[in-house]
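Colleague: just coords:
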């Protein structure tokens, strides 16, 4: 039997947020091991679902029924500020200890994001990979799948044998890529052949509103990457959009290419990176002012609700989830039929004694240091309550299936605005979040999603039209105003005259 270990620590870090990813937050809802890991991820569309998938191993041309899965520890929490020093050291030590205690393994599937930062460690993903490599030794294949928002560095590439990435944003291919990574790692175990991975970094940031892979310019760039990937012997060509809210030296776009011949891989990576660079101006974009967005909502008369993206409070990018900038304008202008989520555990606790159907009149939101906007008064009735996990039956962003907003309360104000209050920050990317608190999202005029690309997958069927709101916050679209300390210089668009010279040029 091939002993295949699954382990890792997943985090997308917004270094401009002061909300740490603590040990308690990981252990409360985000640390899964053993049969619990299998149960949590097996039917999901996440990467770990692909790692667990038993299927025909097309890379090796044989079934993988001879694989013995060792589900060790995998950690995930909603994006926020850096991983605390305690959480990082404790969980990384646990990962390494579990690998050692498992005895000799034949391969490792390492769960990483690619934009993780811990307090005291700016290169967390590379550090985790190197620590795992030190445990298993130089001969054991390690494979990993990165989020498309990964900020990739050479240290990480050098520490693994297979490195793939999602190629959709919103991320709906995570399980598919996870299964591919598993197949390639098993192929290395069986054949001993280790193809070359080449990283081609670009001195370039793509703004968050231009990252949708179904629209230009990303759609065209990915079509070109697929053309290059179809060339003889090419195993993978991946474009990484990077994560601009992680202030690290490796922050920015990049290209990965895999081929048995390193020179061929390097040439492919250079060609695709050059194509990305040629469209750098198109990779910058902007949203609409808040007042204009509310005007568009007010005028909407479609059969389905609009999807409104609250860019500055993007929970999937580390936003705190309690910004009231859009909600305040909606309430001020009494625009009915709008739905929004709001993180406010204090209000949820204060409403514990109020029954469903009971009236409320309470200030909410605007509490965290990272938010923008003041508290708003919510006057209306409670529509429903929900405690614990809820499940998304369709493919959501990242492929995740189970979500936990803690105790949640639905409120419909007297002016017809629906608010879902949560006690735990959770990505608002599933319509189920509304339904479990007695709100039918299909009946709304507009759904305000605190995200940019994440809500698009989950709400694609129930919404029509898309409005991008240029709101302030730690995930705002314009990167120019952030105070970077560690990024490379020069970079585009910070320094407009930046030139790209291939990292792997001979």
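Modeller: Done, it's in. As the structure is a prediction and not an experimental result, all values here were calculated from the model.
Colleague: Was I right to think residue 238 contacts residue 168?
Modeller: No. Counting by C-beta atoms under 8 Å, residue 238 does not reach residue 168; the two are 11.3 Å apart. (Glycine included, C-beta is placed from N, CA and C.)
Colleague: In terms of neighbours, single out the busier of these two.
Modeller: More crowded of residue 238 and residue 168, by other C-beta atoms under 10 Å: residue 238, with 25 against 20.
Colleague: Is that one in a helix, a strand, or coil?
Modeller: Of the three states, residue 238 takes strand according to DSSP: H, G, I helix; E, B strand; the rest coil.
Colleague: May I ask which helix or strand of the protein has the lowest mean pLDDT?
Modeller: The helix or strand of the chain with the poorest confidence is strand 56-57; it has a mean of 49 (mean pLDDT, DSSP states H and E).
Colleague: pLDDT of the longest strand seen in the chain, averaged?
Modeller: Ranked by residue count under DSSP state E, the longest strand found in the chain is strand 376-391. Strand 376-391 comes out with an average pLDDT of 96.
Colleague: Quickly find the element holding residue 92.
Modeller: Residue 92 belongs to helix 85-101 when assigned by DSSP states H and E.
Colleague: How about residue 369?
Modeller: Using DSSP H and E, residue 369 falls within no helix or strand.
Colleague: residue contacts, it?
Modeller: By C-beta atoms under 8 Å, 6 or more residues apart in numbering, the contact list for residue 369 reads residue 18.
Colleague: Distance check, it against residue 36.
Modeller: To residue 36, residue 369 is 34 Å away according to C-beta to C-beta, to the nearest Å.
Colleague: now stretch 8-27: mean pLDDT?
Modeller: Here stretch 8-27 scores 97 as its mean pLDDT.
Colleague: Straight-line length of it, end to end?
Modeller: Using C-alpha to C-alpha, to the nearest Å, one end of stretch 8-27 lies 14 Å from the other.
Colleague: Pull out the buried residues from it.
Modeller: 8-17, 19-21, 23, 25-26 (16 or more other C-beta atoms under 10 Å).
Colleague: ranges for the strands of the stretch 51-200 of the chain?
Modeller: 56-57, 62-63, 67-76, 107-111, 142-146, 162-165, 196-201 (DSSP state E, counting those that start in this stretch).
Colleague: With the stretch 251-400 of the chain instead?
Modeller: 254-259, 306-310, 338-343, 359-364, 376-391.
Colleague: circling back: run the angle between the longest strand of the chain and strand 338-343 for me.
Modeller: 80 degrees (axes from the mean of the first three to the mean of the last three C-alpha atoms, to 10 degrees).
Colleague: List the strands paired with strand 376-391, with their directions.
Modeller: Next to strand 376-391 in the sheet, as set by DSSP bridges, lie strand 359-364 (antiparallel), strand 402-413 (antiparallel).
Colleague: List the buried residues in that strand.
Modeller: 376, 378, 380-386, 390.
Colleague: cool, and stretch 142-161?
Modeller: For stretch 142-161, burial by neighbour count (16+ other C-beta under 10 Å) applies to 142-153, 156-157, 159-161.
Colleague: Among these, which are located in helices?
Modeller: 156-157, 159 (DSSP state H).
Colleague: about what we covered before: now do the helix holding residue 92, average pLDDT.
Modeller: On average, helix 85-101 scores 98.
Colleague: one step back: mind putting the strands of the stretch 51-200 of the chain into a markdown table with distance to residue 123?
Modeller: Shown next, in a markdown table, are the strands of the stretch 51-200 of the chain (distance: least, C-beta to C-beta, whole Å):
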| stretch | distance to residue 123 |
| --- | --- |
| strand 56-57 | 32 |
| strand 62-63 | 37 |
| strand 67-76 | 18 |
| strand 107-111 | 15 |
| strand 142-146 | 14 |
| strand 162-165 | 15 |
| strand 196-201 | 14 |
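Colleague: Contacts only, for residue 221.
Modeller: Per C-beta under 8 Å, 6+ apart, neighbours of residue 221: 239, 272, 275-276, 279.
Colleague: and of the strands paired with strand 376-391, who's closest to residue 352?
Modeller: Evaluated over the strands paired with strand 376-391, closeness to residue 352 peaks at strand 402-413, with 7.9 Å, by C-beta to C-beta.
Colleague: Give me the average confidence score over the closest one.
Modeller: According to the model, strand 402-413 has a mean pLDDT of 95.
Colleague: Pull out the buried residues from it.
Modeller: Going by neighbour count (16+ other C-beta under 10 Å), the buried part of strand 402-413 is 402-413.
Colleague: hey, where'd the helices end up in the protein?
Modeller: 23-25, 34-41, 47-52, 85-101, 124-136, 154-159, 174-191, 218-229, 262-278, 290-299, 325-332, 345-350, 432-435, 454-458.
Colleague: how about those, which one is nearest residue 443?
Modeller: Among those, helix 432-435 sits nearest to residue 443 (C-beta to C-beta), with 9.7 Å.
Colleague: Name the residues of the closest one that are buried.
Modeller: Here helix 432-435 shows 432-435 as buried, counting by 16+ other C-beta under 10 Å.
Colleague: do stretch 43-57 as well
Modeller: Buried residues in stretch 43-57 (16+ other C-beta under 10 Å): 44-52, 57.
Colleague: is residue 7 in a bridge, and if so with what?
Modeller: Note on residue 7: beta-bridge partners by DSSP bridges are residue 110.
Colleague: I figured it hits residue 98, correct?
Modeller: Yes. Using C-beta under 8 Å, residue 7 is in contact with residue 98, at 6.5 Å.
Colleague: Look at the two and report which has more neighbours.
Modeller: residue 7 (25 against 17).
Colleague: ok now do the more buried one, which residues does it touch?
Modeller: 72-74, 95, 98-99, 108-111, 132.
Colleague: Turn the buried ones among these into a named ChimeraX selection, would you?
Modeller: Selection of buried members from those for ChimeraX, criterion 16+ other C-beta under 10 Å:
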select :72,73,74,95,98,99,108,109,110,111,132
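Colleague: With respect to residue 64, which of the contacts of residue 7 is nearest?
Modeller: Of all these, residue 64 sits closest to residue 109, with 12.3 Å by C-beta to C-beta.
Colleague: What's the separation between that closest one and residue 36?
Modeller: Counting by C-beta to C-beta, the gap between residue 109 and residue 36 amounts to 17 Å.
Colleague: rewinding a little: can the strands paired with strand 376-391 go into JSON lines with extra columns for distance to residue 198?
Modeller: Shown next, in JSON lines, are these (distance: least, C-beta to C-beta, whole Å):
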{"stretch": "strand 359-364", "distance to residue 198": "50"}
{"stretch": "strand 402-413", "distance to residue 198": "36"}
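Colleague: Residue 85: which of these is closest?
Modeller: Each of the strands paired with strand 376-391 has some distance to residue 85 by C-beta to C-beta; the shortest is strand 402-413, at 24.9 Å.
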